[in-house]
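In: Quick one, structure for this:
(chains A and B)
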Amino acid sequence: MHLVLFLIFALFALAGAANLLLQKHPINSALSLIVVMSSLAVLYLLLGAEFLAMAQVIVYAGAIMVLFTFVVMLLNEGREEKTWGSHAARVVGFPAVVALLAVLASAILRAGRHYGMVSLSDGITTTQDLSRVLFRDLLLPFELTSVLILIAILGAVALARKDDGNA
Amino acid sequence: MNTPVPADWYLLLSAALFTMGVIGFLSKRSLITVFMSIELMLNAVNLSFVTFAHEWHAVKGQIFVFFVMMVAAAEAAVGLAIIIAIFRVRGTLTVDQIDRMKL
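Out: Next up is the predicted model:
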């Protein structure tokens, strides 16, 4: 059961990521990124992270991607031109990307012998466990993120404000 | 019926998604799609955090993912505001034509 669910949603995630790369219009890329994020939420649930699965749906697939689709529709940029990267990116970048994937995969496969299995009967990290650590041991970083988000809101408003010349 | 999955499959999926994010970052020509590729890379790294948190029964790994999500939300808000400002000044989002820092 776990294997089937993992394969289905891993396939969804990979197909969504590939579609993001292949689509020419930004709105199609944004929608396929939503597919990737939603299937990652299911994978979090399979790994027992119930709170993060919900947060992934609400924060990533909800809030952030709504912001992206709003900006895509607002700017109405249209299809991107078919220039296939700069010459340096093609000559140096793509072999480097293949090398990166090879290094990552070989390192994971070498270390993977020591890792255990993931199954549905492992139990979940409840929101209670998570909040106990978050609000007891890590209260200061948590409060600091609220300050960070406040600054980000102010910065976003200041940056996107239309200058009317006499400001 | 309850077939378990090796933990390194999750890590391999995370590596594959990260690599696809890097490819998108290098090859996409629209500024907003480049930004989406960065979000894809953040998500891929989050998946490996959750996998390791499950592997070592460490709640703090999941809390790290929570903080990454918060920072990503702040980053998306500021980044998209910058994209809107660039589009207002330059009238384009093609990265080849946005090659100067000064207006």
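
In: and after the helix or strand of chain A with the lowest mean pLDDT, which helix or strand comes next?
Out: Ranking every helix and strand in chain A by mean pLDDT, DSSP states H and E puts helix A:87-88 at the bottom, with a mean of 73. Proceeding N to C from helix A:87-88, the next assigned helix or strand is helix A:94-111, under DSSP states H and E.

In: what about A:A102, how many neighbours?
Out: Applying other CB atoms under 10 Å in any protein chain shown, we find 12 residues neighbouring A:A102. All C-beta atoms are positioned from the backbone trio N, CA, C, and that covers glycine.

In: Could you pull out the helices in the chain for me?
Out: All of this is about chain A. Here chain A has its helices, by DSSP state H, at A:2-22, A:26-46, A:50-55, A:65-75, A:87-88, A:94-111, A:127-136, A:139-160.

In: switch to chain B, that's the one I care about
Out: Counting by DSSP H, the helices of chain B are B:7-27, B:31-55, B:59-90.

In: Compute the inter-axis angle for the shortest one and helix A:94-111.
Out: Looking back up the chat, that one is helix B:7-27. On the basis of axes from the mean of the first three to the mean of the last three CA atoms, to 10 degrees, helix B:7-27 is oriented at 170 degrees to helix A:94-111.

In: who does helix B:7-27 touch, helix- and strand-wise?
Out: Here helix B:7-27 touches helix A:2-22, helix A:26-46, helix A:94-111, strand A:117-118, helix B:31-55, going by 3 or more CB pairs under 8 Å, 6 or more residues apart in numbering or on different chains; DSSP states H and E.

In: about what we covered before: not counting its own residues, what contacts the least confident helix or strand of chain A?
Out: Taking contacts as CB atoms under 8 Å, 6 or more residues apart in numbering or on different chains, no residue outside helix A:87-88 touches it.

In: if we can go back for a sec, in CSV: the helices and strands packed on helix B:7-27, plus distance to A:L139 and mean pLDDT.
Out: Shown next, in CSV, are the helices and strands packed on helix B:7-27 (distance: least, CB to CB, whole Å; pLDDT from 0 to 100):
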stretch, distance to A:L139, mean pLDDT
helix A:2-22, 34, 93
helix A:26-46, 24, 93
helix A:94-111, 34, 89
strand A:117-118, 31, 80
helix B:31-55, 20, 93
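
In: Tell me which of the ones you listed approaches A:S131 most closely.
Out: Nearest of the helices and strands packed on helix B:7-27 to A:S131, taken as CB to CB: helix B:31-55 at 15.2 Å.

In: what's the neighbour count on the closest residue to chain B within chain A?
Out: Residue of chain A nearest chain B, by CB to the nearest CB: A:G112 (3.1 Å). By the criterion of other CB under 10 Å, A:G112 has 15 neighbours.

In: Let me see the contact set for the residue in chain B that chain A sits nearest to.
Out: Chain A sits closest to B:D8 of chain B, with a gap of 3.1 Å, by CB to the nearest CB. Applying CB under 8 Å, 6+ apart to B:D8 gives the contacts A:I108, A:L109, A:A111, A:G112, A:Y115.

In: tell me the two of the residues you listed that are most distant?
Out: A:L109 and A:Y115 (10.4 Å).

In: Quick check: A:F12 touching A:I34?
Out: No: the pair A:F12 / A:I34 is not scored as a contact, 11.1 Å apart, by CB atoms under 8 Å.

In: What about B:R100, how many residues nearby?
Out: Neighbourhood size, B:R100 [other CB under 10 Å]: 7.

In: swap that for A:A53, please
Out: Neighbour tally, A:A53, other CB under 10 Å: 21.

In: where's it relative to A:L11, distance?
Out: Distance, A:A53 to A:L11, using CB to CB, to the nearest Å: 18 Å.

In: do B:V45 as well
Out: For B:V45, the distance to A:L11 - CB to CB - is 20 Å.

In: Which one's more surrounded, the two?
Out: B:V45 (16 against 12).

In: So that one versus B:H57, what's the distance?
Out: As judged by CB to CB, B:V45 and B:H57 stand 20 Å apart.

In: that older thread, check the helices of chain A for me and report the most buried one.
Out: Ranked by mean neighbour count, those are led by helix A:26-46 with a mean of 22 (mean count of other CB atoms under 10 Å in any protein chain shown).
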